[in-house]
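**Q** Below is the sequence, then the predicted model.
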Amino acid sequence: MTSTIPGPPPTRVAAQPAIRLRGAALSFGDRTLWQGLDLDIMPGEFLAVLGPNGSGKTSLLKVLLGLQHLDAGTAEIDGRSVRRGSRAMGYIPQQKSFPPETPLRARDLVGLGIDGHHWGVRLRKRGYTERVDALLQDVGAQSYADTPVGLLSGGEQQRLRAAQALADDPAVLLCDEPLLSLDLNHQQAVSALINRQSRERNSAVVFVTHEINPVIEYVDRVLYLAGGRFRVGTPSEVMTGDVLSELYGSPVEVLHSNGRMVVVGLPDATIHHHEGA
């Protein structure tokens, strides 16, 4: 009997948090990144993680990926302790270019999200090509599907990483600055694709970013990390001058213009990417 790649499973039911942190703490040397973090992220929820460089945003993703241990507290995915290599998670890393001589084609990179966890010679199942083509179309990468990834731009490579992360219909999608190197049109396309995975497939999304404006319409809650402290709430609750001034210990003002947020007066000049100018 010929085996096939199954279609998308039925929409997941939100029976329990997809991600649960209790009393979570993490340090870097003698500096506390965050501590006492209690957080439930439900299936279908879109959480944006913001904060200055060095505040522990990427480290939080490493904890959830099982790549870094907490100094205190617990972290669970779907009711189980986090573990490295879980197929329940998809991951879009920060943009890092492939060497120009890399021979892997764009479609092969995306295909690794479908069968890259298998060892040895891969016998492509019926439906593999159709699934890869659909993912390439979702991220607008059909025109370079057969091009070696080393010859593609950083933005083109990042779109392929997004497609790869979604290939296995993950219950949890972790995104580390996924919009870097993308122009405005492709920022919108990839953001909409990630949101669709959250709403239609009920995936919990943890979206690390310096710039909330491209995803502001999709975000349910914000986790803002700064100065060893944090705040969690809706964008309107967290992205205020009072809250950010308290986190930074310095006056910060949040301006609103045409549905975009402009943060003024941040102590660290490297994080002015909140600005929508």
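**A** On my side now, so go ahead. Everything numeric in this text was worked out from a predicted model, so none of it was measured.

**Q** can you pull out the helices in the stretch 151-277 of the chain?
**A** Secondary structure of the stretch 151-277 of the chain (DSSP state H, counting those that start in this stretch): helices located at 154-166, 184-201, 235-238, 241-248.

**Q** in the last one, what's buried?
**A** Buried residues in helix 241-248, counting neighbours by 16 or more other C-beta atoms under 10 Å, are found at 243, 244, 247, 248. All C-beta spots, glycine's among them, are computed from the backbone N, C-alpha and C.

**Q** Dump the residues you listed to JSON lines, plus pLDDT and distance to residue 52.
**A** Shown next, in JSON lines, are the buried residues of helix 241-248 (pLDDT from 0 to 100; distance: C-beta to C-beta, whole Å):
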{"residue": "243", "pLDDT": "94", "distance to residue 52": "15"}
{"residue": "244", "pLDDT": "93", "distance to residue 52": "11"}
{"residue": "247", "pLDDT": "91", "distance to residue 52": "10"}
{"residue": "248", "pLDDT": "89", "distance to residue 52": "8"}
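
**Q** before we move on, back to that, quick one: closest of the helices of the stretch 151-277 of the chain to residue 256.
**A** Across these, residue 256 has its closest neighbour in helix 235-238 (10.0 Å, C-beta to C-beta).

**Q** Give me the helices and strands touching that closest one, please.
**A** strand 221-226, strand 229-233 (3 or more C-beta pairs under 8 Å, 6 or more residues apart in numbering; DSSP states H and E).

**Q** most packed of the ones you listed?
**A** Mean neighbour counts were compared across the helices and strands packed on helix 235-238 using mean count of other C-beta atoms under 10 Å; the top stretch is strand 221-226, at a mean of 22.

**Q** If I look at the residue nearest in space to the middle of the chain, what pLDDT would I see?
**A** In the chain, the centroid-proximal residue (C-alpha atoms, centre = their mean) is residue 175; its distance is 1.3 Å. We have a pLDDT of 96 for residue 175.

**Q** Then the one 10 residues further on?
**A** Confidence per residue is given as pLDDT, and for residue 185 that number is 83.

**Q** quick revisit: okay, the buried residues of helix 241-248 in a markdown table with distance to residue 221 next?
**A** Formatted as a markdown table, those follow (distance: C-beta to C-beta, whole Å):
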| residue | distance to residue 221 |
| --- | --- |
| 243 | 13 |
| 244 | 16 |
| 247 | 16 |
| 248 | 20 |
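
**Q** Which of the residues you listed sits closest to residue 26?
**A** residue 247 (16.9 Å).

**Q** if we can go back for a sec, out of the helices and strands packed on helix 235-238, which gets nearest to residue 131?
**A** Here strand 221-226 is closest among those (C-beta to C-beta), at 31.5 Å.

**Q** Give the partner strands of the closest one in its sheet and their orientations.
**A** strand 46-50 (parallel), strand 229-233 (antiparallel) (DSSP bridges).

**Q** Next SSE downstream of the first one?
**A** Next along the chain after strand 46-50, taking DSSP states H and E as the criterion, comes helix 57-64.

**Q** Could you tell me the angle between that following helix and strand 221-226?
**A** Interaxial angle, helix 57-64 versus strand 221-226 (axes from the mean of the first three to the mean of the last three C-alpha atoms, to 10 degrees): 120 degrees.

**Q** In terms of secondary structure, what does helix 57-64 contact?
**A** Short answer (3+ C-beta pairs under 8 Å, 6+ apart): helix 57-64 packs on strand 19-28, strand 46-50, strand 72-77, strand 172-176, strand 204-208.

**Q** can you count the residues close to residue 42?
**A** If you count neighbours by other C-beta atoms under 10 Å, residue 42 ends up with 17.

**Q** so what's the backbone phi/psi at it?
**A** Main-chain dihedrals, residue 42, degrees, to the nearest 10: phi -90, psi 160.

**Q** Residue 112 now?
**A** Dihedral angles (degrees, to the nearest 10) for residue 112: phi -60, psi -20.

**Q** okay, now it: neighbour count?
**A** Quick note: residue 112 (other C-beta under 10 Å) scores 15 neighbours.
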